[in-house]
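# Could you work out the structure for the sequence below:
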Amino acid sequence: MASDNETTATEPTTELASHGAFPSFNFPHDPKPTDETTGQRHHLFQKYTRVVNTLHSRGDGIPVRMPYVQKCASDFSSLLDDVLCDVPRELLENYINEDLMEWREKLISDSAETGGSMCYQELCSTAHGCKGAILYPSSPSLDVLNVGTLSVKYQTDDNDVSQNTEVVLDPTIQQFSLNGRILQCESVKVQNRHMFAVRSNYHCTTLSFDPMEGDQGEAKVLQTLQFDKSPTSVALSPYIAGEVVISTETGATYLLWENGRLQQVVPDQDSTLNFVSDSTQRACHFGSHPRLLVYSDSTGVELRDVRSGPQHDRRPLFSLPSQWTMKGERVMFSRVCPTNYFQHVIAMKRSLVVVDERFPQNALVKWSHMLKSPPVFMDIVSHTTQDLNSHVILLANQRPQETTCFQYVNEGTCPPMSVTQPFSVSKVGSWLPCLTPQQRTFSNRFLERRLQRPLVGLCSVRHSSEDSGFSVLQDPDVCYPSLTRVQYKDMAKAKPLERIRYRLVQMKNAMPLVNGNDHNYCELI
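So this is what the prediction gives:
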């Protein structure tokens, strides 16, 4: 019996492997329901299934079986055998081509997962390490939220450029069963309170974490919002604890107050900001004022002052097309700088720019991120020493697990500038040879398939010694690469050291599930 690897060796697969034009299909031109036409239709749906299998496996290079799609194609061919000839051929061709294009876009980069389903909030930091709360999903459908306490301990050896870092996750983990797949997790510390926000398919949940409650702290669900349209972004206020801004796929934006009041600050948008675009991705976060929002879609970014009533004061911050970008550029999402709320980092399809609210339509710093697919995840690590503010940006995509680091500084009143060349972090799927025999409890092929799953989240941990990051795979597995600073004389050792610093963080679920519905609940009509 032929395997998926063998069946995909057809003409459409060859085109995909060579990164050529996306294939399109034509139906048989015989309108009569003869036996030959039936065989042609059956062959066409088999061909369609093989192409979908190829697209599904293109992101990680490993063919994946899709029995559900194969069964649907077979049933569709047999049940509608007598009526297919009555449907215009051109219409069926367009539907199949549109379906294939949607599959291709989602398999390369799913904009619904923008932001990442993992976050870390530092609780305390010492000279020997740091401690914080980490959120990540679990279960096959990624609908269970895990809240745990993470400790990072290290010892510095002056005779060795590497550092012995130990990552310990407390076995006492809280779990919350949410409604739908977890798509985004955000965290912020404001007014000595640790706040979290979680976005799923049609719900947004806010939580608070009390590190003084119990031995390892306790997370409490504050409230959950249900939407009739899918939310595309959620952001926490860095000014007022408990305030959240949420954007939906229709362009509407809602402000959730601390007392539970829900205010629609931006109505549904019939069009995009600057030009026509089919993307439904909308994003919003807080700017330099508690009532100044940074609203973005695929065509640009603008500032909205929600204090001015229904007709908000709107001012473009960065519009496309721009003199700073190439033709065909699109905005993916944006983030605010943790230490300077006037500055915002905008991730686009091909580039990354830093803009300032006081100087709109100008890119203060610009990089070409060189990722093979559009970025979906970003985290910013900031460090302040006297008059120098240093920022490290981690930018990543889902497939093929690329993570690139950028660094820029602000010195006094001088404009920001890039200080190092961007560098790429080793992919999670490439450090299988670094595992010890004790860690290889499964076959190498199983581990390889597991580690090459697409990323679903990214977050970073900052302490005085080194900058570290966590990545979540779709299964999910939590991986920990430690980025160690090295001197120029040891630069030749940087790549091996970086690969060796990868760690697997074992996640143990010791506490029972907490029902995510046992809290304040309100529904949008």
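# who does V355 bridge with?
With DSSP bridges as the criterion, V355 is bridged to H344.
# In the stretch 251-400 of the chain, where is pLDDT below threshold?
309-312, 386 (pLDDT under 70).
# Name the nearest residue to L207, ignoring sequence neighbours.
Sequence neighbours aside, F196 is the residue nearest to L207 in space, at 4.3 Å (criterion: C-beta to C-beta, 6 or more residues apart in numbering). Heads up, the C-betas are built off the backbone N, CA and C, glycines and all.
# just checking, H391 is part of a helix?
No. Under DSSP: H, G, I helix; E, B strand; the rest coil, H391 falls outside any helix and is assigned strand.
# pull the CA atoms of stretch 205-222 into PDB?
Output of stretch 205-222 as PDB, limited to C-alpha atoms (Å, rounded to 0.1, in the frame of the first residue of the first chain):
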ATOM      1  CA  THR A 205     -10.400  35.900  29.900                       C
ATOM      2  CA  THR A 206      -8.600  38.100  32.400                       C
ATOM      3  CA  LEU A 207      -6.700  36.700  35.400                       C
ATOM      4  CA  SER A 208      -4.700  38.000  38.300                       C
ATOM      5  CA  PHE A 209      -1.800  36.300  40.000                       C
ATOM      6  CA  ASP A 210      -1.100  36.800  43.700                       C
ATOM      7  CA  PRO A 211       2.500  35.600  44.500                       C
ATOM      8  CA  MET A 212       1.800  35.800  48.300                       C
ATOM      9  CA  GLU A 213      -1.100  33.500  48.200                       C
ATOM     10  CA  GLY A 214      -0.100  29.900  49.100                       C
ATOM     11  CA  ASP A 215       3.400  28.500  48.700                       C
ATOM     12  CA  GLN A 216       3.800  29.200  45.000                       C
ATOM     13  CA  GLY A 217       1.200  31.900  44.400                       C
ATOM     14  CA  GLU A 218      -2.300  31.600  43.100                       C
ATOM     15  CA  ALA A 219      -4.100  32.700  39.900                       C
ATOM     16  CA  LYS A 220      -7.700  33.800  39.900                       C
ATOM     17  CA  VAL A 221     -10.000  34.300  37.000                       C
ATOM     18  CA  LEU A 222     -11.600  37.700  37.100                       C
END
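# any idea how the protein splits into domains?
The chain breaks down by automatic domain parsing into domains covering 4-108, 227-368.
# Please state the backbone phi and psi of E93?
phi -60, psi -40 (degrees, to the nearest 10).
# should've said G148
phi -140, psi 170.
# one step back: which helix or strand contains the residue nearest to L207?
strand 193-199 (DSSP states H and E).
# hmm, who's touching the next helix or strand after that strand?
Of the helices and strands lying after strand 193-199 in sequence (DSSP H and E), the nearest is strand 203-210. Residues from elsewhere that reach strand 203-210 (C-beta atoms under 8 Å, 6 or more residues apart in numbering): 121, 133, 145, 147, 176, 178-180, 193-198, 217-227, 231, 234, 242, 244, 246, 256, 516.
# what's the residue nearest to A219 when sequence neighbours are not counted sitting at in phi/psi?
Counting by C-beta to C-beta, 6+ apart, V147 is the residue found nearest to A219 once chain neighbours are left out, at 4.2 Å. Main-chain dihedrals, V147, degrees, to the nearest 10: phi -120, psi 120.
# what's the pLDDT at V147?
We have a pLDDT of 87 for V147.
# Return the distance of it relative to Q174.
Using C-beta to C-beta, to the nearest Å, V147 is found at 4 Å from Q174.
# what sits in contact with each of those two?
Contacts common to V147 and Q174, judged by C-beta under 8 Å, 6+ apart, are A219.
# Show me which of these two is the more surrounded one.
Using other C-beta atoms under 10 Å as the criterion, V147 and Q174 rank with Q174 on top: 26 against 22.
# surely that one meets N146?
Yes. If you go by C-beta atoms under 8 Å, Q174 and N146 touch, sitting 7.3 Å apart.
# Report the beta-bridge partner residues of V221.
According to DSSP bridges, beta-bridge pairing links V221 with L207.
# returning to what we had before: only the buried subset of the contacts of strand 203-210, as a PyMOL command please.
Buried residues among the contacts of strand 203-210 (16 or more other C-beta atoms under 10 Å), as a PyMOL selection:
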select buried, resi 121+133+145+147+176+178+194+195+196+197+198+217+219+221+222+223+224+225+227+231+234+242+244+246+256+516
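# quick one: contacts for Q343?
By C-beta under 8 Å, 6+ apart, the residues touching Q343 are V336, C337, V354, V355, D356, E357, L364, P416.
# and the strand or helix carrying A219, what does it pack onto?
Here A219 sits within strand 218-226, counting by DSSP H and E. Secondary-structure packing of strand 218-226 (3 or more C-beta pairs under 8 Å, 6 or more residues apart in numbering; DSSP states H and E): strand 174-177, strand 203-210, strand 253-256, strand 520-523.
# okay, now K327: neighbour count?
K327 has 6 nearby residues by other C-beta under 10 Å.
# Residue ranges in the chain under the pLDDT threshold?
1-87, 103-109, 127, 154-165, 213-215, 309-312, 386, 429-444, 462-525.
# just the helices in it please.
With DSSP state H as the criterion, the chain has helices at 4-7, 11-17, 35-58, 67-79, 89-108, 444-451, 494-500.
# Next, the contact list for the closest residue to F406 other than its chain neighbours, please.
Closest residue to F406 apart from its sequence neighbours, by C-beta to C-beta, 6+ apart: I393 at 4.4 Å. I393 makes contact with V345, L352, M378, D379, I380, V381, C405, F406, Q407, Y408 under the criterion C-beta under 8 Å, 6+ apart.
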